[in-house]
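> build me a structure from this.
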Amino acid sequence: MDLLQTVVQDVPEAPLMTVRDAIKWAEFRLCQDGNAWIVHAPTTSEGAITAPVGAACVRALTVYRNGRAMTPGVDYEQLSPDAVVIHRQSDTDTFTARVAVKPAPDSALPNELRDQHFETLRHGATHRLLLLPQPWRNVEQAAYHETHFTAGINDAYRLSVYGQQQGARVQPRRFS
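Below is the predicted model:
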C-alpha cells in the first residue's frame, strides 16, 4: 500500500495536501536527525561537497583523501553542511565524502528508502497530523506515534553509524 494511503487511513479527516506536507516533514526529520539517506559525494580540493540532484547535504560523516578516511578536527573541519576545510593537501590528492543528505524542497525521498523506512515515515506523518489544532487532534495517539517515529529515527542513525549492518547474530558457543 502507498504511504499516502496508509497515513490517510490513520487520519481520514485530514486533507490530502496536509497529509503530503506531513509526509515531507517526516522525510526531512528522518534524514536530518537519523542520517537515513547516505551517499558518496565528490569533494573539491576547496572542500565543496556536491550532493546528488534532488538532495541537499546535511553533514559529512567521513571525508576521504585518496580513498583513506581522514580525521575530523585534525585533517578537516566542517563549516557548513556542504563544505569542509581540508588541512595539508597536495596537488595529487583526490577527495570524496560519505555524506548524509535530505530531500531538496521540491523533491522526495527515493522509493527504496521510502520502502525501507515505511513504518517510521507513517508514524512520523501521523504524529504530526494528530498534533495539529484541528477536529481530528488526538494528543494521546500522537504520543504513541511519536514514540515509534523516534525509535525509527534512532534505528536509522544507529545503522548509519555502524555502516548499515542489518542485525548480525552471534551463535553462542556450545559447552561440551
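> please count neighbours and contacts with C-alpha atoms only from this point.
OK.
> check which helix or strand the most centrally placed residue in the chain maps to.
Central residue of the chain (C-alpha atoms, centre = their mean): residue 31, 2.1 Å from the mean position. Applying DSSP states H and E as the criterion places residue 31 in helix 16-34.
> so for that helix, mean pLDDT?
If you average the pLDDT over helix 16-34, you get 95.
> and that helix, C-alpha only, in CSV?
Coordinates of each C-alpha in helix 16-34 appear next as CSV, following Å, rounded to 0.1, in the frame of the first residue of the first chain:
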residue,chain,number,x,y,z
LEU,A,16,-4.6,15.2,1.2
MET,A,17,-2.4,18.3,0.9
THR,A,18,-1.9,18.4,4.7
VAL,A,19,-1.1,14.6,4.6
ARG,A,20,1.5,15.2,1.9
ASP,A,21,3.1,18.0,3.9
ALA,A,22,3.2,15.8,7.0
ILE,A,23,5.0,13.0,4.9
LYS,A,24,7.5,15.6,3.6
TRP,A,25,8.1,16.7,7.2
ALA,A,26,8.7,13.1,8.3
GLU,A,27,11.1,12.5,5.5
PHE,A,28,13.0,15.7,6.4
ARG,A,29,13.2,14.7,10.1
LEU,A,30,14.3,11.1,9.3
CYS,A,31,17.1,12.4,7.1
GLN,A,32,18.1,15.3,9.3
ASP,A,33,18.1,13.5,12.6
GLY,A,34,18.6,9.9,11.5
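> buried stuff in that helix?
Buried residues in helix 16-34, counting neighbours by 16 or more other C-alpha atoms under 10 Å, are found at 19-20, 22-24, 26-34.
> how deep is residue 114 tucked in, by neighbour count?
Residue crowding around residue 114 was assessed by other C-alpha atoms under 10 Å; the count is 18.
> nearest residue to it other than its sequence neighbours?
On the basis of C-alpha to C-alpha, 6 or more residues apart in numbering, the spatially nearest residue to residue 114 that is not a chain neighbour turns out to be residue 121, at 7.6 Å.
> do I have it right that the one you found meets residue 149?
Yes. Contact criterion C-alpha atoms under 8 Å: residue 121 and residue 149 qualify, at 7.1 Å.
> now do the helices in the chain.
If DSSP state H is used as the criterion, the helices of the chain fall at 3-10, 16-34, 111-116, 118-130, 139-161.
> top strand in the protein by residue count?
Longest strand in the chain by number of residues (criterion: DSSP state E): strand 55-65.
> alpha carbons of it, in CSV - could you do that?
Coordinates of each C-alpha in strand 55-65 appear next as CSV, following Å, rounded to 0.1, in the frame of the first residue of the first chain:
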residue,chain,number,x,y,z
ALA,A,55,19.2,16.3,-2.4
ALA,A,56,20.8,18.7,0.0
CYS,A,57,23.7,18.0,2.3
VAL,A,58,23.1,17.5,6.0
ARG,A,59,26.5,16.6,7.2
ALA,A,60,29.7,14.9,6.1
LEU,A,61,30.1,11.6,8.0
THR,A,62,33.5,10.7,6.6
VAL,A,63,35.9,12.6,4.3
TYR,A,64,38.4,10.6,2.3
ARG,A,65,41.8,11.6,0.9
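> thank you kindly, that will do.
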